[in-house]
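Participant: coordinates for the following, if possible.
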Amino acid sequence: MSNRPIILGIVGDSAAGKTTLTKGIAQVLGEDNVTVICTDDYHRYDRVQRAELGITALHPDCNYLDIMQQHLSLLRTGQPILKPVYSHTTGTFEPPVYIKPNKFVVVEGLLGYSTRTARDAYDVKVYLAPPEALRADWKVKRDTAKRGYTKEQVLAEMAKREPDSEEFIRPQRQWADVVVSFYPPNDNTEEDPLLNVRLVLRPTIPHPEFTQIISNNTNATPAVRLELDRDMGKPVDVVEIDGHATLEQVYELEKLICSDMPNLKNICDRESNPNLGKVTGTTGETIQSNPLALTQLLITYHMLKAPQIRQ
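Facilitator: Down below sits the predicted model:
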């Protein structure tokens, strides 16, 4: 079991940023070391069938959750799977593909924590929870640019899906070890591409000891803040990082996370890992985000620590 793959779950609603974060984590760990699985591939019905049946892709009955959890259990023990493939471009299914897990497996999608068996397969569980206004903006931009929808069609579909989002997607937040919420400064979704991040750290796994470093920050309005809060009724630590935080302002936090990854210092080295914290903006420009970099490093930290904690 010590040589089994480390499995990371990234769950959230449609257009919450799952694929962007997944790609970033894979780049940090080295894409040759990572197998990426999308649970959307386990849809039971194609796009036309869903429309005919009046069911959304967010509903558990629209997905083969039994096969998904069976495949996660196989991957956890290092065994290969024959994974179905769903194309978001065409809304149809393609031939299945043979998947052999690498050292790390990242599983992203809508319903990854929906069953106990599936949840037990993960070493680290992340839930993405951007503000709904920002998610709607992201979904409109993505689906009009990549999936051929009009803005009106996207908004209508979101309204149709809302009851299932409320009933089936958002409750999965309770199972996450880390809840990640990128949000715009001053609630402005349009003008500022550098988003803040709020990281809810649940005591389900041991996190780096941030208290001393953050409490030593004497600035009146520090770019990095730590507080105690409650999430879904349970006590949590919360780290907030401003979108405009400079490398100097986040250096101590980054150094603390990286100090426990001595055998993989290249992960923390900005020169050898130039993609750390980089994301493509809505107009195609490359944005350097220190909140994103620290989020990637924190999740990587937990993946590398997992063999010591959960053997």
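
Participant: touching, Val11 and Gly109? I think so.
Facilitator: Yes. Counting by CB atoms under 8 Å, Val11 touches Gly109, with 6.7 Å between them. Any C-beta I mention is one placed from the backbone N, CA and C, and that applies to glycine too.

Participant: low-confidence stretches in this protein?
Facilitator: 1-2, 187-192, 212-221, 262-265, 281-283, 309-311 (pLDDT under 70).

Participant: does Ile299 belong to a helix, a strand or coil?
Facilitator: Look at Ile299: counting by DSSP: H, G, I helix; E, B strand; the rest coil, its state is helix.

Participant: that one: how many residues sit nearby?
Facilitator: 24 (other CB atoms under 10 Å).

Participant: picking up where we left off before, mind listing the shared neighbours of Val11 and Gly109?
Facilitator: Lys18 (CB atoms under 8 Å, 6 or more residues apart in numbering).

Participant: if I look at Asp229, how far off is Val239?
Facilitator: Taking CB to CB, to the nearest Å as the measure, Asp229 and Val239 are separated by 11 Å.

Participant: of those two, which one has the most company?
Facilitator: Val239 (23 against 11).

Participant: got phi/psi on that one?
Facilitator: phi -110, psi 130 (degrees, to the nearest 10).

Participant: for the nearest residue to it once chain neighbours are set aside, what is the enclosing helix or strand?
Facilitator: Of all residues not flanking Val239 in the chain, Leu199 sits nearest, at 4.5 Å (CB to CB, 6 or more residues apart in numbering). Using DSSP states H and E, Leu199 falls within strand 196-201.

Participant: check which helices and strands that strand is in contact with.
Facilitator: strand 178-183, strand 234-241, helix 290-309 (3 or more CB pairs under 8 Å, 6 or more residues apart in numbering; DSSP states H and E).

Participant: need the ones you listed in a markdown table with distance to Asn266, can you?
Facilitator: Formatted as a markdown table, the helices and strands packed on strand 196-201 follow (distance: least, CB to CB, whole Å):
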| stretch | distance to Asn266 |
| --- | --- |
| strand 178-183 | 23 |
| strand 234-241 | 23 |
| helix 290-309 | 12 |
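
Participant: now what about the helix or strand hosting Pro163, what contacts it?
Facilitator: Remark: Pro163 resides in helix 151-164, with elements defined by DSSP H and E. Applying CB under 8 Å, 6+ apart, the set of residues contacting helix 151-164 from outside is 14, 56, 58-59, 136, 139-140, 143-144, 149.

Participant: could you redo the last one with a cut-off of 10 Å?
Facilitator: 13-15, 54-60, 62, 110, 132, 135-136, 139-144, 147, 149-150, 165, 168-170 (CB atoms under 10 Å, 6 or more residues apart in numbering).
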